[in-house]
Each structure stands twice: as C-alpha cells, then as structure tokens.
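S.K.: Please work out how this folds:
(chains A and B)
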Amino acid sequence: MPELGTPALVYAIAALIVPFIRHNTLRQVFLLAVPVFGLLVFWQLPYGTYGNINLMNMHVGLMRLDALSYVFGLIFSLAAFLSLLYAWHVRDTIQQVATLLYAGAGIGAVFAADLVTLFVFWEGTAIASVFLIWARRTEGAYATGMRYLIIQVGSGVILLAGIILYYRETGTIAFSQMELGSPATWAIFLAFGIKCAFPLLHNWLQDAYPAATITGTVTLSAFTTKLAVYALARGFPGTELLIYIGVTMTLFPVFFAAIENNLRRVLAYSLNNQLGFMVVGVGIGTPLALNGTVAHAFCHILYKALLFMSVGAVMYRTGTSKASELGGLYKSMPLTMIFCIVGAMSISAFPLFSGFISKSLILSASADTGYFFVWLALVVASVGVLEHSGIKIPYFTFFAHDAGHRVKEAPFHMLLAMGITAALCVGLGVFPSLLYGILPYEVEYTPYTTTHVVTQLQLLLFAGLAFAVLMRTGLYPAEFRSVNLDFDWVYRRMLPAIVGGIRHAVTSTWRFAARVTLHRVDRMMIGIYRAHGPQGPLARTWPTGSMVLWIAVLLGMTLVLTYI
Amino acid sequence: MTPPVSEDRKDMPLIARLLSGVDKPRNVTRIFYVLIAFCVALGLADFLYHKHSYFEVEDYPLVYGIFGFVVYGAVIFIAKGLRLIVRRPEDYYEPLATDTEDERAAGSDADATGGRPNA
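M.R.: Predicted coordinates for the structure are as follows:
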C-alpha cells in the first residue's frame, strides 16, 4: 500500500465514491472492501508516527502507530467490516456514507498523534454518526438526533477549549499522558468523560442508540465510547478518580437495565456498565489493568455488536424490540437465538467465552493493587451483567411467553455477520493468547485456573438459580410498555420547565406592571381632564363680579394678617 | 385447550423442532432441577481443590455462589423499588422521543407486523 498517512483517508475517499456506484451488489462489495484497505494502510507498518506535518510551528502527526493504537485500529476496522456486512440489505446512501465517515473518523482519532488531529476526528465521529439516527426519518428521531448532536459537539467544543489552554500552558499539542490539575487538562478530561458516558453525562447513550436504525445502532455501539476509552487510556492512565467514576458506571446502569422494556436500551445501559469496567482499568493504571482495559474493549466491541445484531435481526423480522411484545422466537429464529446466547454468555464472562478472558484481567488488577471495595463492586456488577444482558435479553426475546410472532429466520448476510462475530467471541475465549499477544504490555496471565473457573461458574450459576427462583415465585418484575426517568429528565423536563416558569413569571410581571401603570396614567389623565377639560372647573368662564369679590376677600385677609 | 402443535412444528427450522417444548411447564421444572444439580456440584467442587484467593473472604466454601444468589435477588428488588419512582407512561416524552413511534421506521422488513401481533 502507498503511504497514505491515515486510514481515515481511505474511508473518506470511499465515502465520496459510494454515491456514484449505481449497481447495488457492486456497491456492497465496494463498501466491504473499504475496511480491508483501511486495515492494509497500517497492518504491516513498523511502529512510529506517519503523516507528519509542521503547521504554524505545531507538530501534527496523522498516524501514530504503537501497541495501544494498533489494537484499537484493528478492532475498529473489524467492527466496521462486520457492521457493513450486517447492513448488506440497506439501500440508503445516506446511511452507507455516514457509516464510512463515522468509522473512518473513529479510526483516524485513535491514530491521532496530536490533539488537533484528535479534535478534528472527534467532531467527525459526532457529525457523521448523527445521520445514523436521523436515517429513521421520524419526528422523534430528529429530536433525539438533535439532543445527541448538541451533547457530542459540546464535548468537542470543550475539548477544543482544553487544547487551546493546554497549548498556551505547555507549548505543545502532542497527545500524550496528562496530569489532572489545570483547567486545560480538566476540560480535556471532561470532554473525554462526556463521550465515555460518565455518570450524569451518560444519558445521550441510552437516548440515542435505541433511536437509530437497526443497522445504525450496531455501528454506533462500536466506535464513539471506545474511542473515549482509548483517549482516557492514552491521556489519563493511573488517575485514581477514574476508579471511582468507573465503579459508579458499572453499578447504576444495572438497576435501570433490569426494568427497561426497550431491549436496545437495555443493551445501551449494559454498554454503559461495560465501559465502567474499562474506566476502572484505566484508573488503576498498572500494566495488567491497562491490558485489561484494552482487552475488554476489544472483546466488548465484538459481543456488544453481536447482541445488538441479534436484537436488530429480531427487530428486522418482527418490527419491534420491546420485551413486552416479544417472546417465543426460538421457534422462528433459532440461529439468531444461538448467536444471541453466545453474545450473552460472552458478556456475562462464562469460561470459554471472550468476556471471561478480558474481564478477569481488570478484576485481578483491582485485587492485586488491594482495592477490596472496588473489586467487590466489580463482582456485584458482574452479577448485574448476567441479569440484564446474560438472561434478560435472550430470555424475553426467544423464550418467556410466546408473543405469537411467526417470522422467517434472519436474512443470510445478518446470520453470516452474527456467525463470524460469535465465532470470534468463542475463539478469543478458547484461545486467549491470540488477544494477549497483541496487548500493549507484556504480562504473564493465565485466565484458566481451577479457582477462577469454579468460582466464576459458581457466581454465574447461583445467580441464574436466583433468576429461576424469582421467575417461579412470580417475583421477577414483569415487562410493561413504559419509559423510566433517568438523569436526562433534568434536561428534557426540569430545565425546560424552569425556563418555561421563568418566562411565565417575567411575562406575568411585565403584564401586571404594564396594567398598573396604564391604569394610573389613565386615572391621572381623567383627573386632569376633569379639572382642565371643557367642562372642568378651571376651564369655566368666571363672571367679573365674582372675581372682584374674591380679590376683595383676599386683600381683606391680607390687611387683617398684617395687623395681627 | 391445546394448539395444533404438530402442524405448527413442520414449518419450524430443525433446531427449533429439537428445542420445541422447552418452554412447557414440565420441562421448565426439569431444567430448574438440572440447574440445582449443577449448583450443588459446583458447591461440592469447592472442597476438592486448593483455592488461590486474593482476599480472606474468598476462602469460605460456596462464598461465590451465595454471593451471586443474594446479589442477584438484591439487584431485582432494588430495581423493583426504583421502578416505583421512575416509571412513567410510554408517551411521557412525546412528541420529542421515539418511544411510541412505529419501530418499523428503523428499517424493518416489509413483512414485519410490529408490536402486539396478537392484539
């Protein structure tokens, strides 16, 4: 391959060509070739920085290839390929172009060697991805997309502010490890945090992902948040604050996921919870923990895509993704069911599935460094993962009560995409060395020890037993058509209500003041009119005699007063 | 009342036919007992090997199993409590949300019937 500087360029050029390919199959083949060529740009290159430009005395590096960016570049390329394969049936040029630009921007961002390049691609992911939500072409999707765009672009603007301050402070724009402390690094940290769905900054994720198209959600699930995890791992490894942020992230989505009806939103909460594990890894910051974060991001992209794909395939055939409307689909879509269960077992970290070999790195790292309560919280969160992603998703979709959908199995290309992803999930679980070999740090780690396998199986199967007991006793919460309030209520309801209230108060006060003033002015005008008007006493014509009389009275009084 | 199962089954894919009846109450009970058997076996397994633990609390036999069972129950009950506070009708955020819109707009197959097929 000629040296292109960045694989993002391949995606950008392809996005320009796609609309001009009229033949459907040709276009799909072309789309699938893009991630392959993108991968070839950096596949064989030795580590180093490429695409170096000197811009106004600032050093811009388009592609920094090292152990960390390589893994993310690899998994992003793979995710782009799998989501494009899954979307083989889509004939919407806007979605195709948006997918290419979005994946390209994501890959461009992880290779950025400097903060300005990072910013450009950071905003690129925001702007390209919103079209995957708008592609639904409904009023609700438009509003949701707008909320998503405001928050994502907001993250970019805060990042830019941070970069400018950082440049003034240090005189460099190189993207390397930073220390929290100055306004510059706090702004950059906050920008990363918004995209990483930190607690209270997280609702764009649960709001936007279920609103995107079936294929769009699969694409969205891979890039934005994992780019943020990469940025944190690059910029703030070992920042203790991240441990506590991460722990919170693993815990609170569990409860929301348990009562959510929309299965794609359940998966969005689950995504948030998985990001928590990665953020804890970054916060601990030891080589084992960072390896855990990278490995978990790698495995997570695959099994999360697989889960979104299987729920998406169900949605494609039945037209709904709500737990209250689904059930009994194992009769019609058994292959999709099997792939969904592979995804569910991977995310729940069953031995021989990918989640097991990546999550254990983070758990071991937290135990190694002596963070007992962090470790305990992560074990609690692991049970939570089993609840919402391991059991709830497959159970309510494919088993539970039969909702009566009699549909065809998912189309072949969807089955193929799910099959490849499922094979990767199992493959990584069975042969962990495949993944461990490309992690950024050299670490000797054996996931398959008797203790680890037995304790993990105990944890999961006893939790499964709890589910069975709760189902049999009727205590498990039923699924209803409903929405649950989360922090987004603050900006979707409370702030608009406060602004509305202030507007109402100002308008009322103004009206009241205007009414009172006008009333007073009217009264005054009437008074003046009464005195000075044509009939007023002051306008009357007085007889000369009475005037003389009054002057005489006046003079008489003056005379009397003078002599007193 | 029994549905015409045999007729229905012919149209099912092979794997579905192999699995059919898995959701019958009798089979669900069987699966439940198999799960209990697995749990008992795993509990006994704790006595058969030397545990390599990071923290003291891990050394008690069955601690992971009991922990998993209790935490699972706790998660469900806390979530049920949370639902009392946060649950709202589906059209709460209308019209600026996709919650009550026809989900087929997200790119479903032309044959998809959408939610509530039995309604």
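S.K.: what sits against the nearest residue to residue A:329 once chain neighbours are set aside?
M.R.: Spatial nearest neighbour of residue A:329, excluding adjacent residues (C-beta to C-beta, 6 or more residues apart in numbering or on different chains): residue A:398 at 4.8 Å. Placement of C-beta: from N, CA and C, glycine included. Neighbour list for residue A:398: A:327, A:328, A:329, A:330, A:333, A:336, A:337, A:340 [criterion: C-beta atoms under 8 Å, 6 or more residues apart in numbering or on different chains].
S.K.: Next, the first one: secondary structure please.
M.R.: Residue A:327 falls in the coil class when you classify it by DSSP: H, G, I helix; E, B strand; the rest coil.
S.K.: burial of it, as a residue count?
M.R.: 20 (other C-beta atoms under 10 Å in any protein chain shown).
S.K.: confidence score at the closest residue to chain B within chain A?
M.R.: Nearest residue of chain A to chain B, counting by C-beta to the nearest C-beta: residue A:319, 3.2 Å away. On pLDDT, residue A:319 comes in at 93.
S.K.: you'd agree it is up against residue B:110?
M.R.: No: Residue A:319 lies out of contact with residue B:110 (C-beta atoms under 8 Å); the separation is 9.9 Å.
S.K.: Which one's more surrounded, those two?
M.R.: When residue A:319 and residue B:110 are compared for neighbours, residue A:319 comes out ahead with 24 against 6, by other C-beta under 10 Å.
S.K.: For the more buried one, give me its contacts.
M.R.: Here residue A:319 is in contact with B:102, B:103, B:104, B:108, B:109, B:112, B:113, B:114, B:115 (C-beta under 8 Å, 6+ apart).
S.K.: So which of these are in helices?
M.R.: Judged by DSSP state H, helices contain none of those.
S.K.: Out of those, which two sit at the greatest distance?
M.R.: Farthest apart among these by C-beta to C-beta are B:109 and B:115. That separation is 14.5 Å.
S.K.: With distance to chain A, pLDDT and neighbour count as extra columns, can I get the contacts of residue A:319 in a markdown table?
M.R.: Shown next, in a markdown table, are the contacts of residue A:319 (distance: C-beta to the nearest C-beta, whole Å; pLDDT from 0 to 100; neighbours: other C-beta atoms under 10 Å in any protein chain shown):
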| residue | distance to chain A | pLDDT | neighbour count |
| --- | --- | --- | --- |
| B:102 | 8 | 89 | 13 |
| B:103 | 5 | 90 | 26 |
| B:104 | 4 | 91 | 19 |
| B:108 | 4 | 92 | 23 |
| B:109 | 5 | 91 | 19 |
| B:112 | 3 | 89 | 20 |
| B:113 | 6 | 86 | 17 |
| B:114 | 4 | 81 | 15 |
| B:115 | 4 | 75 | 20 |
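S.K.: want to throw those into TSV with distance to residue A:54?
M.R.: Listed next are these as TSV, based on distance: C-beta to C-beta, whole Å:
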residue	distance to residue A:54
B:102	54
B:103	51
B:104	53
B:108	51
B:109	53
B:112	55
B:113	61
B:114	57
B:115	58
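S.K.: What score does residue B:2 have for pLDDT?
M.R.: For residue B:2, the predicted pLDDT is 43.
S.K.: burial of residue B:30, as a residue count?
M.R.: For residue B:30, the count of nearby residues is 12 (other C-beta under 10 Å).
S.K.: Residue A:91 now?
M.R.: Applying other C-beta under 10 Å, we find 11 other residues in the vicinity of residue A:91.
S.K.: Would it be right to say that it lies in a helix?
M.R.: No: the assignment for residue A:91, made by three-state DSSP, is coil rather than a helix.
S.K.: Which of the residues in stretch A:13-32 are classified as buried?
M.R.: If you call a residue buried by 16 or more other C-beta atoms under 10 Å in any protein chain shown, then stretch A:13-32 has these buried ones: A:14, A:15, A:18, A:21, A:27, A:28, A:31.
S.K.: Check the residues you listed against residue A:456 and report the nearest one.
M.R.: Nearest to residue A:456 among those, with distances taken as C-beta to C-beta, is residue A:31, at 39.4 Å.
S.K.: Quick one: residues contacting residue A:39.
M.R.: A:7, A:73, A:74, A:77 are the contacts of residue A:39 under C-beta under 8 Å, 6+ apart.
S.K.: Quick check: the first one touching residue A:103?
M.R.: Right, the one you point to is residue A:7. No: contact status for residue A:7 versus residue A:103: not in contact, 9.6 Å apart, counting by C-beta under 8 Å.
S.K.: need the strands for the chain, in chain order.
M.R.: Since no chain was named, I'll use chain A. A:48-55, A:58-65, A:483-484 (DSSP state E).
S.K.: nope, chain B
M.R.: Under DSSP E, chain B gives strands at B:87-88.
S.K.: Where do the domain boundaries of it fall?
M.R.: B:12-45, B:51-88 (automatic domain parsing).
S.K.: What is the neighbour count of residue A:423?
M.R.: 13.
S.K.: List the contacts of residue B:107.
M.R.: Taking C-beta under 8 Å, 6+ apart, we find residue B:107 in contact with A:90, A:92, A:135, A:136, A:213, A:214, A:215, A:316.
S.K.: same thing with residue A:530?
M.R.: So residue A:530 contacts residue A:536 (C-beta under 8 Å, 6+ apart).
S.K.: Next: residue A:130.
M.R.: With C-beta under 8 Å, 6+ apart, residue A:130 has these contacts: A:145, A:148, A:149, A:152.
S.K.: now, among those, which is nearest to residue A:550?
M.R.: For those, the nearest to residue A:550 is residue A:149 (82.9 Å; C-beta to C-beta).
S.K.: coming back round to it: is it possible to get JSON lines of the buried residues of stretch A:13-32 that adds distance to residue A:232 and pLDDT?
M.R.: Shown next, in JSON lines, are the buried residues of stretch A:13-32 (distance: C-beta to C-beta, whole Å; pLDDT from 0 to 100):
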{"residue": "A:14", "distance to residue A:232": "29", "pLDDT": "96"}
{"residue": "A:15", "distance to residue A:232": "28", "pLDDT": "96"}
{"residue": "A:18", "distance to residue A:232": "33", "pLDDT": "96"}
{"residue": "A:21", "distance to residue A:232": "38", "pLDDT": "95"}
{"residue": "A:27", "distance to residue A:232": "37", "pLDDT": "96"}
{"residue": "A:28", "distance to residue A:232": "35", "pLDDT": "96"}
{"residue": "A:31", "distance to residue A:232": "31", "pLDDT": "97"}
